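Asks: return a 3D structure for these sequence lines:
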Amino acid sequence: MQYRDLGRSGISVSSLCLGSMTWGTQNSYEEGAEQIVQALDAGVNFIDTAEMYPTTPLTATTFGDTERIIGRWLKNSGRRAELVIASKVLGNGRVDLDGGGDITSAKFAKSLDASLARLGVDCIDLYQLHWPDRGSYHFRQHWNYDPSGQSSEHVDASILEVLEAASHAIEAGKIRALGLSNETAWGTQRFAQLAETNGLPRVVSVQNEYSLLCRYFDLDLAEVSHHEDIGLLAFSPLAAGMLTGKYDDGNVPAGSRKSLDDTLGGRWDRHSAAAAKRYNDLARDHGLEPAAMAVAFCQQRAFMTSVIIGATTPAQLALSLSAADLVLGNDILDDIHKIRREHPMPM
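Replies: Numbers count the residues shown, from 1 in each chain. Model prediction:
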């Protein structure tokens, strides 16, 4: 397992991060606890959650249950010191959950305290903003994304309020670092600039979707990441299972995510299915499991801090963990580039 700096925070995290969004619906407490131990045994020291988890399905009645599962395991195991814990404040992305609303200083403080209580910890290592209040092009919203109605003055005021709230939380020992999620290059840069100008905490990471099928980060965000030391925490590196090969040729295994959500959160259509099949066939041609190749590719990107891997079974988790020490050679990378040229933006 590799370990990398989390921005300029002084925190070292494993290059693979254990995702938890299925715990509480698709996975029980016992199954979540088993995954934590399995990941720790493989060298993972980083776990990601959020106040809104679990997400499959996402309901008001299960809000916070994943944090409660992690908190129960921490209490039972006594192994808090072995984990870097990341969570997120919801914001206005889902107004039907916890009242929605922008991430004000009051919302930041209220959500943070609630997450600390559910987790049963005094401090969350990385606290992230789940979505920017001004909106986002992520989750397939890029096809109609239009930022022309934004007010830069309003955005700056909102960012400063969040940075000041984070500063108070750090001073109080409630968090160690601040991160972003579902952000843009401009938004990430504004957080960095306003923090520097006003002597406030710098963001250390941005958690965005990234996979062989979803590579927006390769452009402007990669440049911001390089110059500002704000690494990527990649979610959905397997494109909701499309890059495991299990959905190739129209297969839909019983109990799979696609059996519950036919479009896989808008990821699945004929374009993405064709591209996924090409990548999966490429992995097999090189004697690799498609999932391992997909995770290894993400892990090798220069801007990558950690790849968030999620699973519902120990076997699925083991497959992703097997990518920890897998290095893709130039021959495979060249073939990946050729497929990307043929399928440049499949979803």
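
Asks: now the strands for the stretch 201-347 of the chain?
Replies: Counting by DSSP state E, counting those that start in this stretch, the segments of the stretch 201-347 of the chain that form strands are 203-209, 231-235, 304-309.

Asks: against which helices or strands is the helix or strand bottoming out on mean pLDDT in the chain packed?
Replies: When the helices and strands of the chain are scored by mean pLDDT, DSSP states H and E, helix 257-260 comes last with a mean of 82. The criterion is 3 or more Cβ pairs under 8 Å, 6 or more residues apart in numbering; DSSP states H and E, and there are no helices or strands that helix 257-260 contacts. C-beta: built from backbone N, CA, C; applies to glycine.

Asks: any chance of CSV for the strands of the stretch 201-347 of the chain, columns mean neighbour count, distance to residue 63 and mean pLDDT?
Replies: Converted to CSV, the strands of the stretch 201-347 of the chain look like this (neighbours: other Cβ atoms under 10 Å; distance: least, Cβ to Cβ, whole Å; pLDDT from 0 to 100):
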stretch, mean neighbour count, distance to residue 63, mean pLDDT
strand 203-209, 26, 19, 98
strand 231-235, 24, 19, 98
strand 304-309, 26, 20, 98
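
Asks: quick one: these as CSV, columns for distance to residue 288 too.
Replies: Below are the strands of the stretch 201-347 of the chain laid out as CSV (distance: least, Cβ to Cβ, whole Å):
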stretch, distance to residue 288
strand 203-209, 22
strand 231-235, 19
strand 304-309, 16
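
Asks: I'd like to know which of the ones you listed is closest to residue 143.
Replies: Proximity of the strands of the stretch 201-347 of the chain to residue 143 was assessed by Cβ to Cβ; the nearest stretch is strand 203-209, lying at 14.5 Å.

Asks: which outside residues touch the closest one?
Replies: Strand 203-209 is contacted from outside by 6-9, 11, 48, 88, 126, 128, 138-139, 177-183, 188, 191-192, 195, 216-217, 221, 225, 229-236, 305, 308, using Cβ atoms under 8 Å, 6 or more residues apart in numbering.

Asks: restricted to helices, list these.
Replies: Per DSSP state H, helices hold the following members of these: 188, 191-192, 195, 221, 225.

Asks: most neighbours among these, which one?
Replies: The residue in the ones in helices among the contacts of strand 203-209 with the most neighbours, by other Cβ atoms under 10 Å, is residue 191 (28 neighbours).

Asks: now that one. Nearest residue, chain neighbours left out?
Replies: residue 203 (4.7 Å; Cβ to Cβ, 6 or more residues apart in numbering).

Asks: how about residue 205?
Replies: Among residues not flanking residue 205 along the chain, residue 179 sits closest, at 4.1 Å (Cβ to Cβ, 6+ apart).

Asks: for residue 29, what are its contacts?
Replies: Residue 29 makes contact with 23, 69, 72-73, according to Cβ under 8 Å, 6+ apart.

Asks: which ones are touching the residue nearest to residue 205?
Replies: For residue 179, the contacting residues are 86, 126-129, 203-207, 233, by Cβ under 8 Å, 6+ apart.

Asks: pLDDT value on it, please?
Replies: Reported pLDDT at residue 179 in the predicted model: 98.
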